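okay, sequence plus prediction incoming.
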Amino acid sequence: MLKLSEMSEPFEITGETLKKILDYSSDEIFVLDSEMRIVFVNSVCEKHYGLKPHEVMGKYNVELFEKGYWKPSIVPIVFREKKPVTIKQTTYIGAELLTTAVPILNAQNDIELVVITSQELQNYQSVKYEKDVEGQNDAEWNLITNCKEMKDILKMCQKIAKVDSTILIHGESGTGKGVLAHYIHQISNRKNNTFMKINCAALPEDLLESELFGYLDGAFTGARKAGKIGLIEASDGGTLFLDEIGEVPLSVQAKLLQVIQEKRFIPIGGHVTKKVDIRIIAATNRNLVEMVKNGQFREDLYYRLNIIDVKIPSLRERREDIIPLTYHYLYKFNKEYQMNKLISQECLDIFNRYSWPGNIRQLENLIERLVVTSDSVIQHTDLPELISENVTLHDHSILSADLDEAIDYVKQTLVTKSYQKHKSSRKVAKDLNISQTRAVTLINQYCKP
């Protein structure tokens, strides 16, 4: 307990108060002991790594470093040199940090503690953000996860990437099926060859067939005179990703089956069989088993595709990833648009309660919108009604809250909706049947930056 004796009246700072002070710091603060074990970290770590302090404290620094939460590591340097060290670090969700480690030495010149502080590099104008090709970026959805189920999926992908078995990826729209397919390709023996993607739902039957199999001169009216190489042939030596495989017409399914079974095909209008060396990864958000029963999907094709199946959980099933993904996209769009927007805790709380029917794609699009349209701090009042109106008391996180939190949330929701509708403290007071003085207080508490 600390005493500020020079004040007119002595003031004591308890450990709890000191922790609150450190948690309000804009910089990340780590404290390591002589064994390189993390003995303290403030709440800023959640912003940089998507981990809460209790998930970090007690672990050895090397454990988190080896899991890829940041790079490079400053700890071995400071323990070796026993003097203050400053380096630039990058976290796995995209934060760029200027990190300083200061050793605290004992009388024998041995390290007792190391205090590490990290602050974000704000000069986004000097940082060029490289857009990924078709959204396929190593630092995207596939690697940003604190979810055990997703980590298990990535471990399995590292095994199946080494073989050429056909893979079927299941998952709702926006969960990152295409990203996972590209990740498998990137860690496979085919990584130096082509990764071709086609959205089977985006093309009508005749165009889909010609895009996949190609055609010869005069194959049909309007065909190019020189013909066209299809994606199957263009993928030779690489990976062909068939997105929305459930939308492929039955007539095309029969030809696809031949490609998978025999690695052979005949272009439209041709008579000569061509052979290809490709790996096929397919993805769907539909129930193919039901489609087989209803005669909408070939049973033999289903079993050829489903040699290895992977089910990606929805975002609402991996809620521990909502905050790190939020900050990842915040860093991404801040860099892209040369801004420095922050996000309020109220927004993060709402994100945790929301069901995210559009999954990660919806979250990404929302953060881009908020970075562009909000003021310096993204407030809950900046959120579209689609989100704020669908966060209800029936949500799991609310049901697990204590009584005071639940009551406060109800007040916040009622006041926010009323103020967004009426834009007047007098009308809010009338709407909620409270005094105007109280309405002003609540509006300032919940609706103003």
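Happy to help now that I have it.

just checking, what packs against the helix or strand hosting Cys347?
Counting by DSSP states H and E, the element that carries Cys347 is helix 345-353. Applying 3 or more C-beta pairs under 8 Å, 6 or more residues apart in numbering; DSSP states H and E, we find helix 345-353 packed against helix 322-336, helix 396-399. In this view, the C-beta of every residue, glycine as well, is placed from N, C-alpha and C.

okay, angle between the longest one and helix 345-353 too, please.
Direction vectors for helix 322-336 and helix 345-353, defined by axes from the mean of the first three to the mean of the last three C-alpha atoms, to 10 degrees, enclose an angle of 120 degrees.

that older thread, CA atoms of the helix holding Cys347 as PDB?
Extracted as PDB, the C-alpha positions of helix 345-353 are listed here (Å, rounded to 0.1, in the frame of the first residue of the first chain):
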ATOM      1  CA  GLN A 345     -15.800  -0.600 -24.600                       C
ATOM      2  CA  GLU A 346     -19.600  -0.300 -25.100                       C
ATOM      3  CA  CYS A 347     -19.200  -1.300 -28.700                       C
ATOM      4  CA  LEU A 348     -17.100  -4.300 -27.800                       C
ATOM      5  CA  ASP A 349     -19.700  -5.400 -25.300                       C
ATOM      6  CA  ILE A 350     -22.400  -5.200 -28.000                       C
ATOM      7  CA  PHE A 351     -20.200  -7.100 -30.400                       C
ATOM      8  CA  ASN A 352     -19.800  -9.900 -27.800                       C
ATOM      9  CA  ARG A 353     -23.600 -10.100 -27.400                       C
END
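
now do whichever strand or helix holds Lys20: distance to the chain's middle.
If you go by DSSP H and E, Lys20 is part of helix 15-23. Taking C-alpha atoms, centre = their mean, to the nearest Å, one finds helix 15-23 lying 30 Å from the centre of the chain it belongs to.

mind listing what's buried in the helix holding Cys347?
Glu346, Cys347, Leu348, Asp349, Ile350, Phe351, Asn352, Arg353 (16 or more other C-beta atoms under 10 Å).

list the contacts of it.
319, 322-323, 326, 363, 378-380, 382-383, 387-388, 391, 395, 397-398, 412, 446 (C-beta atoms under 8 Å, 6 or more residues apart in numbering).

go on, stretch 372-391?
333, 337, 340-344, 346-347, 350, 353-355, 366, 369-371, 412-413, 416-417, 419-420, 446-447, 449.

what subset of the contacts of helix 345-353 is buried?
319, 322-323, 326, 363, 378-380, 382-383, 387-388, 391, 395, 398, 412, 446.

which residue is nearest the centroid of the chain?
Closest residue to the average C-alpha location of the chain: Leu325 at 3.5 Å, with C-alpha atoms, centre = their mean.

give me the neighbour count for Ser47.
For residue 47 the amino acid is Lys, not Ser. By other C-beta atoms under 10 Å, the residues close to Lys47 number 23.

can I take it that it is in a helix?
Yes. Assessed with DSSP: H, G, I helix; E, B strand; the rest coil, Lys47 lies in a helix.

any idea how far Leu348 is from the nearest residue in space to it that is not next to it in sequence?
Among residues not flanking Lys47 along the chain, Tyr327 sits closest, at 5.7 Å (C-beta to C-beta, 6 or more residues apart in numbering). Plainly put, Tyr327 is 9 Å away from Leu348 if you go by C-beta to C-beta, to the nearest Å.

buried stuff in stretch 46-59?
Glu46, Lys47, His48, Tyr49, Gly50, Leu51, Pro53, Glu55, Val56.

so what's the fifth one up against?
Shown here is Gly50, whose contacts under the criterion C-beta under 8 Å, 6+ apart are Ile93, Ile144, Asn146, Glu320, Asp321, Ile323, Pro324, Leu325, Tyr327.

ok so, going back, could you flag which of the contacts of stretch 372-391 are buried?
333, 341, 343-344, 346-347, 350, 353-354, 366, 370-371, 412-413, 416-417, 419, 446-447.

just for the stretch 151-300 of the chain, where's the confidence low?
Low-confidence segments of the stretch 151-300 of the chain, defined by pLDDT under 70: 217-226.

please name the bridge partners of Trp70.
Beta-bridge partners recorded for Trp70 (DSSP bridges): Thr91.

residues contacting it?
His48, Tyr49, Leu64, Gln89, Thr90, Thr91, Tyr92, Leu97.

I'd like to know how many residues surround Tyr302.
So Tyr302, with other C-beta under 10 Å, has 19 neighbours.

so it, which of the three states?
helix.

ok, now which ones touch it?
So Tyr302 contacts Leu288, Val289, Val292 (C-beta under 8 Å, 6+ apart).

in CSV: those, plus neighbour count and secondary structure.
CSV is the format used below for those (neighbours: other C-beta atoms under 10 Å; DSSP: H, G, I helix; E, B strand; the rest coil):
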residue, neighbour count, secondary structure
Leu288, 22, helix
Val289, 12, helix
Val292, 16, helix
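
which one among those gets closest to Asp23?
Leu288 (48.7 Å; C-beta to C-beta).

thought Leu105 was touching Ile111?
Yes. Here Leu105 reaches Ile111: they are 6.1 Å apart, a contact under C-beta atoms under 8 Å.

common neighbours of the two, please.
Lys82.

if you count surrounding residues, which of those two has more?
With neighbours defined as other C-beta under 10 Å, Leu105 and Ile111 compare such that Ile111 has more, 17 against 12.

who's in contact with the closest residue to that one other than its chain neighbours?
Closest residue to Ile111 apart from its sequence neighbours, by C-beta to C-beta, 6+ apart: Pro103 at 4.9 Å. The contact partners of Pro103, by C-beta under 8 Å, 6+ apart, come to Val78, Phe79, Lys82, Lys83, Pro84, Ile111, Leu113, Val114.
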